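Chemist: Below is the sequence, then the predicted model.
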Amino acid sequence: MEEFRKMRRFKQALPEEECIRLLKELPRGVLAMHGENGYPYAIPLDQYYNEEDGKLYFHCAKEGLKLDLLKKDSKACFTIMDEGYVKEGEWALNIKSVVCLGHVDTVTDQEKILDMVRKLAEKFYPTKESIEEEIAKSGARTNMLAMTIDRISGKLVNES
């Protein structure tokens, strides 16, 4: 297991349970990877946190730059943040964020892909029927990625 630096502002750290709650509730974040020519590559993605296996799931196409980069180096960072809130009588925004470091792999089990697509879609689609219609239309073209989380950390930041 790799060693990770401890959070410098540890008093602002969120407990792991709060990090997981945010991952379950928030619909999307940014996946960052080792990009081309030494540049990082970060893209917004819809996500689903699966409590059963503790992994993050992302759907995508079956080809493209993201997949090419992950084949070369599966290490990635996924970050989410909430909309924040302002305490009564204050002006500064308070934001909770979660950073997940881990390895991203392609899911190959078709049954697992469809199960995770359904669970992810429940965050966005209005009905189960609309989800099934979309799966019937484009399910065969759907790819699923899974991030095994090596480190999860969260933080509450006050912007003052």
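Modeler: Alright, I've got the coordinates.
Chemist: Just the CA trace of the lowest-mean-pLDDT helix or strand in the chain, in PDB.
Modeler: For the chain, counting by mean pLDDT, DSSP states H and E, helix 128-138 ranks last in confidence among helices and strands (a mean of 89). In PDB, the C-alpha atoms belonging to helix 128-138 read as follows (Å, rounded to 0.1, in the frame of the first residue of the first chain):
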ATOM      1  CA  LYS A 128     -37.400   3.400 -14.200                       C
ATOM      2  CA  GLU A 129     -39.200   3.100 -17.600                       C
ATOM      3  CA  SER A 130     -37.100   5.900 -19.100                       C
ATOM      4  CA  ILE A 131     -34.000   4.200 -17.800                       C
ATOM      5  CA  GLU A 132     -35.000   0.900 -19.400                       C
ATOM      6  CA  GLU A 133     -35.800   2.700 -22.700                       C
ATOM      7  CA  GLU A 134     -32.400   4.300 -22.800                       C
ATOM      8  CA  ILE A 135     -30.700   1.000 -22.000                       C
ATOM      9  CA  ALA A 136     -32.600  -0.700 -24.800                       C
ATOM     10  CA  LYS A 137     -31.500   2.000 -27.200                       C
ATOM     11  CA  SER A 138     -27.900   2.400 -26.300                       C
END
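Chemist: quick one: that helix to chain centroid distance?
Modeler: Helix 128-138 sits 23 Å away from the centroid of its parent chain (CA atoms, centre = their mean, to the nearest Å).
Chemist: So for it, what gets flagged as buried?
Modeler: For helix 128-138, a neighbour-count test (16 or more other CB atoms under 10 Å) marks Ile131, Glu134 as buried. The way it works is simple: take the backbone N, C-alpha and C, and place the C-beta from them, glycine included.
Chemist: Name the residues of the next helix or strand after that helix that are buried.
Modeler: Per DSSP states H and E, the first helix or strand lying C-terminal to helix 128-138 is strand 143-158. Neighbour counts over strand 143-158 (16+ other CB under 10 Å) mark Asn143, Met144, Leu145, Ala146, Met147, Ile149, Ile152, Ser153, Gly154, Lys155, Leu156 as buried.
Chemist: dump the residue contacts of the closest residue to the first one other than its chain neighbours.
Modeler: If the residues on either side of it in the chain are set aside, Asn143 comes closest to Lys62, at 4.6 Å by CB to CB, 6 or more residues apart in numbering. By CB atoms under 8 Å, 6 or more residues apart in numbering, the contact list for Lys62 reads Arg141, Thr142, Asn143.
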